[in-house]
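**Q** pasting the sequence and the predicted model now:
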Amino acid sequence: MKVRIYNHLGTAGGFGVAAEGLCMSLLQAGAELEIRPLRSSALAVDDGAALERLPVAIRQCIRADAELTTPDVAIVHTLPGDCPTVRRIVRETERHPDAGARYPWVAYTTWEASSAPAALVQALDESFDEIWHPSTYSADAFDEHLGDPPLCNVIPHAFDEATLEHRGLRCAGSDLDVYRFYYIGSWNNRKNPAALIRAYAHAFGTETSTAQLLLACGAVPRERFTHALACTGLDVRALQTRIKLSTQWLRDDDIAKLHQSADCFVTATRGEAWNLPAFDAMLAGRHIIAPQGTGHCDFLTRTSAVLYQSYPAPAAVDVTVSELANGWNVQVVGAQGLTSREVWPEPDIQGLATHMRAAHDRRVSELRIDYDPRTRYGYRAVGELAMGRLRALLTTTRKV
């Protein structure tokens, strides 16, 4: 089967990692791939240097527009608001010898809140034959606005099963007297890392403690970190001896070392379509404390991870505000249609603090996994699942 896929190969962040995983999965399942990398909905091609770091098997499938041929099925893997835009641009500019050929189109996307705007979902429904999500949480938010049976299917993010044994290795020479909580991810309203600082402050205060909290948040201004420390009402300098912030974007090997050297991954997220750092922590066998009711529950439910309570609450976007001569300029950052009309799971921060204290006192650092991650999330397993959906789609009536 020939599959053309538009995705964010070579870019930093979750979409770039997920793109590589899906491509490798499809290749292992026998797909003939044509990959058209994206930078934006305008179909700009990413920097070639970033693409050169990808596996050879993927690089051999990358195509420019003039090199594309008619596929059996096409996939657009990007943000939900950008999927219809990519589809429209391709429809308007595509030139093939058999220009009248019709083939199914799949949108593979994510949604981070518990509910989604009807207009956003309907735009995808009108432009695509099927919609894929990485988790049941993400798919359920869209299914509310779709027909019966719904068009959403869950195709999880994938990992290279050959790396599983190495991921679980522990770094030698760690200070056994120190118990390390850690978080990896952006600093924003949804990811909610400031709540981790409040939870730590509630659980440990400024006592002389063996508990540390390590926050890896690339490019966050340090004043936001200091503000979060000060909001605890405790002595900022005392907290800084136990709560550490890294503002550097971590390389893959640095991330692997952090998973291997720390003890417990913690998150106070208000919504995740997948939660890649938690997934990596699970594969590394680290203890995890995370809120219920979001995307990471798909891979954490049958483990010893602590899934603490959360409750529905109105969502909130991130904004930047700058002063103008005659007022203020307010810019929404990365919301893609999210407003406070939607809801997401608000984590119980006091419950998080209680579980952090218990994990520290019991020195819990290992995660029990009651299933084989390779059979659910390995390249081969995900590839077979995706190809099964594509084969089924080829037998149905085309919508677009």
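**A** Yep, that arrived. Quick caveat, the model's predicted, so the values are computed rather than measured. Numbering: from 1, shown residues only.

**Q** from here on, just use CA atoms for contacts and neighbour counts.
**A** Fine.

**Q** all strands of the stretch 251-400 of the chain, in order?
**A** 264-266, 287-291, 306-308, 310-314, 318-324, 327-333, 343-347 (DSSP state E, counting those that start in this stretch).

**Q** partners of the second one, with directions?
**A** Partner strands for strand 287-291, per DSSP bridges, with pairing direction: strand 264-266 (parallel), strand 306-308 (parallel).

**Q** then the fourth one?
**A** When pairs are called by DSSP bridges, strand 310-314 turns out to pair with strand 343-347 (antiparallel).

**Q** pull the CA atoms of the partner strand into CSV?
**A** Taking C-alpha atoms only, strand 343-347 is exported to CSV below (Å, rounded to 0.1, in the frame of the first residue of the first chain):
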residue,chain,number,x,y,z
VAL,A,343,-13.3,21.9,30.1
TRP,A,344,-10.2,20.0,31.2
PRO,A,345,-9.3,18.0,34.3
GLU,A,346,-8.1,20.2,37.1
PRO,A,347,-5.6,18.2,39.3
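
**Q** can you count the residues close to the spatially closest residue to P156 that is not a sequence neighbour?
**A** Closest residue to P156 apart from its sequence neighbours, by CA to CA, 6 or more residues apart in numbering: P134 at 4.1 Å. Residues lying near P134 (other CA atoms under 10 Å) number 24.

**Q** try L146
**A** 15.

**Q** could you do L352 as well?
**A** Per other CA under 10 Å, the neighbour tally for L352 reads 28.

**Q** what's it in contact with, if anything?
**A** Applying CA atoms under 8 Å, 6 or more residues apart in numbering, we find L352 in contact with 199, 268, 289-290, 308.

**Q** between those residues, which sits nearest C231?
**A** Nearest to C231 out of those is A199 (CA to CA; 11.8 Å).

**Q** in the helix or strand hosting that closest one, which residues are buried?
**A** Element membership of A199, judged by DSSP states H and E, is helix 193-204. Buried residues in helix 193-204, counting neighbours by 16 or more other CA atoms under 10 Å, are found at 193-204.

**Q** ditto for stretch 292-302
**A** By 16+ other CA under 10 Å, the buried positions in stretch 292-302 come out as 292-297, 299-300.

**Q** sitting in helices, which of the residues you listed do you find?
**A** 297, 299-300 (DSSP state H).

**Q** ok, of those, which one's closest to A29?
**A** Set against A29, the nearest of these by CA to CA is F299 (22.0 Å).

**Q** all the helices of the stretch 51-200 of the chain, residue numbers only.
**A** 56-59, 83-93, 118-127, 136-143, 164-167, 193-204 (DSSP state H, counting those that start in this stretch).

**Q** got the contact list for the fifth one?
**A** Judged by CA under 8 Å, 6+ apart, the contacts made with helix 164-167 from elsewhere in the structure are 256, 260, 283-284.
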